[in-house]
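*Asks:* Turn this into a structure:
(one chain, ligands or ions: 1)
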Amino acid sequence: MTLEQFYKGKKIFLTGHTGFKGSWLSAVLTDMGAEVKGYALAPNTNPSLYELLGLEKATQSVIGNILDADKLKKEVLSFKPDIVFHLAAQPLVRLSYKEPVETIQTNVIGTANLFEAVRQTPSVKVLINITSDKCYENKETDIPYKETSPMGGYDPYSASKGMAELLTSCYRNSFFNIKEYGKSHNTALASCRAGNVIGGGDYALDRIVPDCARALSKGEQIVLRNPLATRPWQHVLEPLFGYMLLGKKMWDNPSLAQGWNFGPNPSDVRTVEDLVKLFLKTWGGGSYRVEPCAKLHEAKLLHLDIEKAFKLLNWRPVYDFDKAVKETALWYKNFYEGADIKAFTLKQISEYRENYGKLNKEID
Ligand SMILES: NC(=O)c1ccc[n+]([C@@H]2O[C@H](COP(=O)([O-])OP(=O)(O)OC[C@H]3O[C@@H](n4cnc5c(N)ncnc54)[C@H](O)[C@@H]3O)[C@@H](O)[C@H]2O)c1
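*Replies:* Down below sits the predicted model:
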């Protein structure tokens, strides 16, 4: 069964549907014929991918705070979802230094509120919590993190994702225990750690791709803070298809309710400067300068070991670094040149699906 056949008609509750990854996931799932209900704050970027794709019409959208436990529970209960993807979060490292308590509340207490809502909703067979590669204790070495590596987090954002992982493990032991599956509960709970995702429509502050797009669209120079920092770059569709594949497999095999890394191949872990150079080449011009900012600690080296997803899920990345950066730069170029960006995004999704289908044929 293909992903499309599996998701067609499924009821999916998605937190964070107004954000960057949530908008792409809503677009993919609705394109596959799933019934999507989203729960998130109103879009907080201008432009907003959610609005550009007209997702308020394609999905059932609830604007609400995940810290409002009663409202969240009511919305989950009344929808009776089959699958829940949790993407709502405060996802920015630098903002987390300014707002540590708010970041921890949203990313940890908000996650607990969602888990509690799901505990009351027996229809949910699969619950997938999206955390981050930054949940691992970062030793700044070349050794990639495995799913069994210790949790950690230097800055408040990373620590909040480490905490969200510990919470996931706690709920999986205490309330969604596999030994009790089908008896005291019906839910398989997993968590996913992806790398730095890039793709069109991200307008967050302090992320390198939106910074490039904003500067180039105004004819300004791009400013790099950490040109030599390496990141596990991947196109946004890569982890999203990983999450969807995991959801499909967990549906029939709840023992897959574990932690999973969805990162790029090791050769695609590249520097910020590599990314910017390729972005400029695809854009067809522009330049950058380096202005080091030593005030706030940010991870320099992050590698994810993806052997587990490779072996046990048969998942593999579809786009390499070059293709991911080119597709991303092309999206922004088309957007600023006034193309029909919804049509262009759907075309990118359909091309990715075609490539995914070729590479992952034996899986589906
Ligand atoms: N973008 C990346 O490179 C990346 C990498 C690793 C992990 N992640 C994780 O993926 C998820 C999605 O990230 P993104 O890049 O799409 O972020 P984003 O900022 O674009 O979207 C965040 C979403 O969460 C919602 N949200 C935030 N606070 C909320 C609250 N209190 N109540 C309800 N909704 C709230 C927002 O409204 C938005 O819909 C996050 O969990 C993030 O930590 C992202």
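*Asks:* The ligand contacts on this protein?
*Replies:* 16, 18-22, 40-41, 65-67, 87-91, 106, 110, 130, 132, 194, 196-197, 204 (C-beta under 6 Å from any ligand atom). C-beta here means a position set from N, CA and C on the backbone, and glycine is covered the same way.
*Asks:* List buried residues within these.
*Replies:* Applying 16 or more other C-beta atoms under 10 Å to the residues of the chain next to the ligand, the neighbour count classes 16, 18-22, 40, 65-66, 87-91, 106, 110, 130, 132, 194, 196-197 as buried.
*Asks:* And Pro156, how close does it get to the ligand?
*Replies:* Pro156 sits 12 Å away from the ligand when distances are taken as C-beta to the nearest ligand atom, to the nearest Å.
*Asks:* now swap in Glu140 and tell me
*Replies:* Noted for Glu140: a distance of 18 Å to the ligand, by C-beta to the nearest ligand atom.
*Asks:* With only the CA atoms kept, save the helix or strand in which Ala117 is found in CSV.
*Replies:* Secondary structure assignment for Ala117, by DSSP states H and E: helix 110-119. Taking C-alpha atoms only, helix 110-119 is exported to CSV below (Å, rounded to 0.1, in the frame of the first residue of the first chain):
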residue,chain,number,x,y,z
GLY,A,110,2.0,22.0,25.7
THR,A,111,3.2,18.5,24.7
ALA,A,112,2.0,17.1,28.0
ASN,A,113,-1.4,18.8,27.4
LEU,A,114,-1.6,17.1,24.0
PHE,A,115,-0.7,13.7,25.4
GLU,A,116,-3.4,14.1,28.0
ALA,A,117,-5.9,15.0,25.3
VAL,A,118,-5.0,11.9,23.4
ARG,A,119,-5.3,9.7,26.5
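*Asks:* Sheet-wise, list the partners of the next helix-or-strand element following that helix with their directions.
*Replies:* Going down the chain from helix 110-119, the next helix or strand is strand 126-130, by DSSP H and E. Strand 126-130 pairs in its sheet with strand 83-86 (parallel), strand 188-194 (parallel), by DSSP bridges.
*Asks:* most packed of the ones you listed?
*Replies:* Mean neighbour count (mean count of other C-beta atoms under 10 Å) peaks for strand 83-86 among the strands paired with strand 126-130, with a mean of 28.
*Asks:* Go ahead and name everything in contact with that one.
*Replies:* 10-16, 25, 76, 111, 114, 118, 124-130, 243, 247, 251 (C-beta atoms under 8 Å, 6 or more residues apart in numbering).
*Asks:* Next secondary structure after that strand?
*Replies:* Where DSSP H and E defines the elements, the next helix or strand beyond strand 83-86 is helix 93-98.
*Asks:* Who are the packing partners of that following helix?
*Replies:* Packing partners of helix 93-98 (3 or more C-beta pairs under 8 Å, 6 or more residues apart in numbering; DSSP states H and E): helix 156-174.
*Asks:* how near is His86 to Trp251?
*Replies:* 17 Å (C-beta to C-beta, to the nearest Å).
*Asks:* Actually, Gln258.
*Replies:* 15 Å.
*Asks:* that older thread, kindly reformat the strands paired with strand 126-130 as TSV containing mean pLDDT and distance to Glu140.
*Replies:* Shown next, in TSV, are the strands paired with strand 126-130 (pLDDT from 0 to 100; distance: least, C-beta to C-beta, whole Å):
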stretch	mean pLDDT	distance to Glu140
strand 83-86	98	29
strand 188-194	97	17
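*Asks:* quick one: which of the ones you listed is nearest Glu56?
*Replies:* strand 83-86 (18.4 Å; C-beta to C-beta).
*Asks:* for this protein, what spans make up the strands?
*Replies:* 11-15, 35-40, 60-63, 83-86, 126-130, 188-194, 196-198, 222-224, 230-235, 259-262, 269-271, 288-290 (DSSP state E).
*Asks:* what lines up beside the last one in the sheet?
*Replies:* As defined by DSSP bridges, the strand partners of strand 288-290 come to strand 222-224 (parallel).
*Asks:* Show the average pLDDT along the partner strand.
*Replies:* Per-residue pLDDT over strand 222-224 has a mean of 95.
*Asks:* And it, what's buried?
*Replies:* Quick answer for strand 222-224 (16+ other C-beta under 10 Å): Ile222, Leu224.
*Asks:* any idea how far the residue of the stretch 1-150 of the chain found nearest the ligand lies from Asn107?
*Replies:* Residue nearest to the ligand within the stretch 1-150 of the chain (C-beta to the nearest ligand atom): Gly19, separated by 1.9 Å. Between Gly19 and Asn107 the computed distance is 13 Å (C-beta to C-beta).
*Asks:* that older thread, so what does the helix holding Ala117 touch, helix or strand wise?
*Replies:* Helix 110-119 makes packing contacts with helix 69-79, strand 83-86, strand 126-130, helix 156-174 when contacts are defined by 3+ C-beta pairs under 8 Å, 6+ apart.
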